[in-house]
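Peer 1: this one's sequence-less:
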């Protein structure tokens, strides 16, 4: 790039900066800006001593010794434009300060064995703030454990503690209970700021009452008579119905991502695995849900 002015260059994302080598720092010194950075926690010290112009978001893979967030105040000060922080990996729920209300209250209600936190999103609304107290929880990702029988109660607790939650990921992979679709959907009315939900392996956890069947209208994929097409189309239609019930409760919800799989479709003479994945969008004040899920089976 020579010695040209780089003030009009904005890098949308860098997946890793292996320390701040002189060559990279030179680009920033000449005006280049960076929007998003993904890095390992051992490089946090570099962020405490180098300002990255324009940096808005960091995705940080955690080790347990960094869970106390003792580094956050200094990073908040040296990165004045940073307003979003995603933390994932080995998060120590007992020492992570933003999770302490959830840990304490779940223990009080005997819900501590119901969940495992996988990812936490933090947002800073006041960019001039230089303290870790200026941050709030805006995203959570957790797995429901096999021992849990109180998913609705746990979600109700999360909503009460984090009313400004914008993104939520719920993984039912190791869970075995089933829930009436309206009972499960109703708890999302407690999340007034929720914009995005990621459901993982929720389909086999849903119970559809006989009266729900009139709302299920499968649309088979054209040009195929494969044995799995009809049951997959039916599963897709059911998931869209469930999503529409959730959308009517969570009034600011915009997007739902489905990532589902299973083996329980009854196809005579065939045993295999199926997968459904994709985005569903909530369109308007009527909370209409549109979208098509990708299918795969073997």
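Peer 2: It's in. Note that the coordinates shown come from a computational prediction; the quantities given were computed from them, not determined experimentally.
Peer 1: A helix includes residue 54, no?
Peer 2: No. With DSSP: H, G, I helix; E, B strand; the rest coil as the criterion, residue 54 is assigned coil and is not in a helix.
Peer 1: May I see the buried residues of stretch 35-45?
Peer 2: 36-37, 39, 41, 44 (16 or more other C-beta atoms under 10 Å). The C-beta positions use only the backbone N, C-alpha and C, and glycine is treated the same way.
Peer 1: List the ones among these that fall in helices.
Peer 2: Here DSSP state H is the test, and the buried residues of stretch 35-45 give residue 44 as lying in helices.
Peer 1: can you pull out the helices in the chain?
Peer 2: Ranges of helices in the chain, per DSSP H, are 22-29, 44-49, 72-78, 100-108, 151-161, 181-186, 229-249.
Peer 1: Which single one of the buried residues of stretch 35-45 is nearest to residue 238?
Peer 2: Nearest to residue 238 out of these is residue 36 (C-beta to C-beta; 35.7 Å).
Peer 1: ok, what's across the strand from that closest one?
Peer 2: Beta-bridge pairing of residue 36 under DSSP bridges involves residue 57.
Peer 1: Tell me which of the helices of the chain sits nearest to residue 192.
Peer 2: Of all the helices of the chain, helix 151-161 comes closest under C-beta to C-beta, at 8.7 Å.
Peer 1: quick check: angle from that closest one to helix 100-108?
Peer 2: 140 degrees (axes from the mean of the first three to the mean of the last three C-alpha atoms, to 10 degrees).
Peer 1: for helix 151-161, which positions count as buried?
Peer 2: Buried, per 16+ other C-beta under 10 Å, within helix 151-161: 151, 154-159, 161.
Peer 1: can you put these in a markdown table and add distance to residue 258 and pLDDT?
Peer 2: Listed next are these as a markdown table, based on distance: C-beta to C-beta, whole Å; pLDDT from 0 to 100:
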| residue | distance to residue 258 | pLDDT |
| --- | --- | --- |
| 151 | 17 | 88 |
| 154 | 21 | 92 |
| 155 | 18 | 95 |
| 156 | 23 | 95 |
| 157 | 24 | 95 |
| 158 | 20 | 96 |
| 159 | 21 | 96 |
| 161 | 26 | 96 |
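Peer 1: that older thread, do you know which of the helices of the chain lies nearest residue 169?
Peer 2: Closest to residue 169 of the helices of the chain, according to C-beta to C-beta: helix 151-161, at 11.7 Å.
Peer 1: so where's this structure uncertain?
Peer 2: The model of the chain has pLDDT under 70 over residues 1-25, 27-31, 64-65, 90, 128-131, 147-148, 220-227, 264-271.
Peer 1: Centroid-nearest residue for it?
Peer 2: residue 169 (3.9 Å; C-alpha atoms, centre = their mean).
Peer 1: thinking again about what came up before, got TSV for the helices of the chain, with distance to residue 273 too?
Peer 2: What follows is the helices of the chain, written out as TSV (distance: least, C-beta to C-beta, whole Å):
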stretch	distance to residue 273
helix 22-29	44
helix 44-49	40
helix 72-78	42
helix 100-108	34
helix 151-161	24
helix 181-186	24
helix 229-249	12
